[in-house]
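>>> Sequence and predicted structure are below.
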Amino acid sequence: MQRALKTSQKPYSYANFRFSGAFEYSIMLFLFYGKYRKEILEILRLLVAKALSLRTVWGFLLVYTLSTQGLTQLELKAKAEETKSATEDIIEEKLENLKLKRTKDRFYTSASWYGHQFHGRTTANNEVFNKETISAAHKTLPLNTYLLVTNLNNNRQVVVRVNDRGPYVEGRDLDLSEAAARELGGIETGVMNVSYELLKEDS
């Protein structure tokens with residue numbers, strides 16, 4: 001009698017719902033996120049509505065979670081990409097105005113910054129240091145060399161001109177003015193992991 005009862009019981013299903021072609025397609029795009037960002041965002045917005053037609057609460061929660069979390073992450077990434085694109089446009093415009101072009105000679109180092117304690121002092125090329133002017137100090141590069149500096153922690157960029165020497169600290173090749181460090185979002189951290197690319201005159 002016990003055996004008959006056990007065999008007559010049906011296994012319990014926690015997520016007994018039907019998949020549709022659109023649902024599967026959206027999952028595939030979500031997992032293989034790439035150049036289809038706009039399509040993914042649109043499909044994910046429709047998933048919450050699709051969840052209403054699923055047969056179980058578990059199915060609804062699964063799709064709802066995927067939709068909301070997926071949308072948040074993708075929209076944040078989209079916003080970051082738009083910000084990056086705007087920054088790149090600003091950099092390109094500045095290079096054009098300064099008649100400079102990129103060389104792809106890139107170096108990686110730690111960069112610090114200096115401000116009020118040196119404000120008003122004479123730099124290595126006999127200029128008066130102004131903490132609110134975007135400039136930099138380097139140990140060996142020729143004075144008046146232009147650099148494209150990138151903060152590797154947030155990808156913010158700034159074009160600086162080397163007008164001073166320093167920093168005299170092992171492991172650091174670049175010392176930025178306070179204004180340059182602010183542009184890179186590195187005032188609070190003090191020391192940033194950066195890359196810098198040599199720029200040259202566009203003749």
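Thanks, I have the structure now.
>>> Show the end-to-end separation of stretch 118-129, please.
Distance across stretch 118-129, first residue to last, is 7 Å (C-alpha to C-alpha, to the nearest Å).
>>> Show me the strands in this structure, by range?
Shown for the chain, the strands assigned by DSSP state E span residues 100-114, 136-138, 146-151, 157-164, 172-177, 192-201.
>>> Of the ones you listed, which stretch is the most buried?
strand 136-138 (a mean of 26; mean count of other C-beta atoms under 10 Å). For the C-beta atoms, the positions are set from N, CA and C on the backbone; glycine is no exception.
>>> Can you give the strand pairings for that strand, parallel or anti for each?
strand 157-164 (parallel), strand 172-177 (antiparallel) (DSSP bridges).
>>> tell me the angle the shortest one makes with strand 100-114.
Spelled out, it's strand 172-177. 90 degrees (axes from the mean of the first three to the mean of the last three C-alpha atoms, to 10 degrees).
>>> which outside residues touch strand 172-177?
For strand 172-177, contacts defined as C-beta atoms under 8 Å, 6 or more residues apart in numbering pick out 107, 109-115, 129-140, 147, 149, 160, 164, 166-167, 184, 186, 191, 194, 196.
>>> cool, and the first one?
Under the criterion C-beta under 8 Å, 6+ apart, residues 87-88, 91, 94-95, 98, 100, 123-125, 127, 129, 134-138, 141-151, 175-177, 180, 183-184, 199 lie in contact with strand 157-164.
>>> what is the orientation angle of that strand with strand 192-201?
80 degrees.
>>> Could I get the contacting residues of the nearest residue to Ile187 once chain neighbours are set aside?
Leaving aside its sequence neighbours, Ile187 sits nearest to Ala181 (C-beta to C-beta, 6 or more residues apart in numbering; 5.5 Å). Contact analysis of Ala181 by C-beta under 8 Å, 6+ apart lists 111, 113, 187, 192.
>>> Not counting residues beside it along the chain, what's closest to the last one?
Think Met192. Nearest non-adjacent residue to Met192 (C-beta to C-beta, 6+ apart): Gly186, at 4.1 Å.
>>> tell me the contacts of the one you found?
111, 113, 151, 153, 176, 192 are the contacts of Gly186 under C-beta under 8 Å, 6+ apart.
>>> rerun that using 7 Å as the cut-off
113, 151, 192 (C-beta atoms under 7 Å, 6 or more residues apart in numbering).
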